[in-house]
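>>> this one's structure only:
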Ligand SMILES: NC(=O)C1=CN([C@@H]2O[C@H](COP(=O)(O)OP(=O)(O)OC[C@H]3O[C@@H](n4cnc5c(N)ncnc54)[C@H](OP(=O)(O)O)[C@@H]3O)[C@@H](O)[C@H]2O)C=CC1
Ligand SMILES: C[C@H]1O[C@H](OP(=O)(O)OP(=O)(O)OC[C@H]2O[C@@H](n3cnc4c(=O)[nH]c(N)nc43)[C@H](O)[C@@H]2O)[C@@H](O)[C@@H](O)C1=O
């Protein structure tokens, strides 16, 4: 352990984003990383989290641990999505402050914005209208997470920052057939259809919903970039009551076009059909990423190339849920 370096706790280090953040930090030569599996540290348990921060004395926290899932999971397990996420973020933020951690990065989600927000969605649109019903509990928890960080900054002088990722994908994703997000779900479904020679693949919803997709290594790079921004730059582009920053590509696509692209990536030649008994969710949630761009960061990975990387990562996955 290099004592000259900050001791950095990456909560959720085995997840899609957490594992990518570890890769970025290690690539920077930052090796003083602290990680705990869920079996080692249950973040919904305040006593365990308090004991951890009292014993570990970390300097920075990346809070990439959360209860996460796609539209079906959010609609099916609303109590878990609001309870787990409220407990995890409240315990980590409070115990980090209590043990003297000055810097923390909280990961929210683009679902915090009103269902019918003006597109592209600016950070100032927060709480300007009703949320999307399919993921309202999760969104409420994430909004509370932003306000938690802002409140500790205002009262205690901490430097707890918030980033709002758009939909993410890439190596280390969750491929659960029902509870995953659309890209890993369709990569798996198209691949399995190709293997059995199926004539068609069923896509949920109308296919008309639009989504923005950011490759996870870009998200991790943005997370580290925002954490390492000097305080004046971060503060100059955010306000005490709007301290969060959108992170995305600034471009979106219909689910129908995405499905065609994934079918092409997987080399599936059958038909694509739509099950309109399944919800579309928010019609569109394209983020305005101009604030982060003005701070010097932009996404790099094009969707078609990112999907090729994601498919290769899927093929290398040795255990599917
Ligand atoms: N994926 C996406 O499309 C998006 C993600 N985000 C946000 O990004 C962050 C990271 O998400 P992502 O990487 O996709 O999620 P993952 O589900 O891939 O990873 C979450 C990690 O957190 C851990 N974890 C969850 N609950 C607990 C708990 N109670 N105690 C300890 N560890 C826990 C999980 O451990 P275990 O596996 O053992 O349960 C897992 O390692 C989250 O805040 C999420 O809300 C925002 C927008 C989009
Ligand atoms: C990141 C984001 O993720 C969730 O919101 P979402 O963007 O609606 O997520 P999704 O990826 O599950 O769906 C995107 C679109 O894709 C369509 N779709 C088609 N076929 C499949 C399919 O097979 N699986 C899934 N999951 N979706 C499918 C689906 O009907 C929808 O129109 C919330 O966690 C939210 O809180 C959040 O933060």
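Nice, I can see it. Bear in mind the structure is a predicted one, so any value in this text is a computation, not a measurement. Numbering: from 1, shown residues only. Ligands and ions are numbered 1, 2, ... in the order given.
>>> what comes up buried for stretch 55-70?
Buried residues in stretch 55-70, defined by neighbour count with 16 or more other Cβ atoms under 10 Å: 58, 60, 61, 62, 63, 64, 65, 66, 67, 68, 69, 70. Glycine gets a C-beta too; all of them are placed from N, C-alpha and C.
>>> for ligand 1, what are the nearby residues on the protein?
12, 14-18, 38, 42-44, 64-68, 84, 88, 107, 109, 165, 167-168, 174, 181 (Cβ under 6 Å from any ligand atom).
>>> quick one on the thing from earlier: so which of the buried residues of stretch 55-70 belong to helices?
Using DSSP state H, no member of these sits in helices.
>>> now, which of these sits nearest ligand 2?
residue 70 (2.7 Å; Cβ to the nearest ligand atom).
>>> got the residue ranges for the helices in the stretch 201-321 of the chain?
Assigned by DSSP state H, counting those that start in this stretch, the stretch 201-321 of the chain shows helices spanning 216-228, 231-236, 255-266, 290-294, 303-315.
>>> Tell me the predicted confidence for the closest residue to residue 238 other than its chain neighbours.
Leaving aside its sequence neighbours, residue 238 sits nearest to residue 245 (Cβ to Cβ, 6 or more residues apart in numbering; 6.5 Å). Looking at residue 245, its pLDDT stands at 97.
>>> any idea how far residue 245 is from residue 290?
From residue 245 across to residue 290, the span is 10 Å (Cβ to Cβ, to the nearest Å).
>>> again with residue 5
Going from residue 5 to residue 290 by Cβ to Cβ gives 33 Å.
>>> Next: residue 34.
In terms of Cβ to Cβ, residue 34 sits 34 Å off from residue 290.
>>> what does the lowest-mean-pLDDT helix or strand in the chain contact?
Lowest by mean pLDDT, DSSP states H and E among the helices and strands of the chain is helix 231-236, with a mean of 84. Helix 231-236 is contacted from outside by 159, 161, 226, 295, using Cβ atoms under 8 Å, 6 or more residues apart in numbering.
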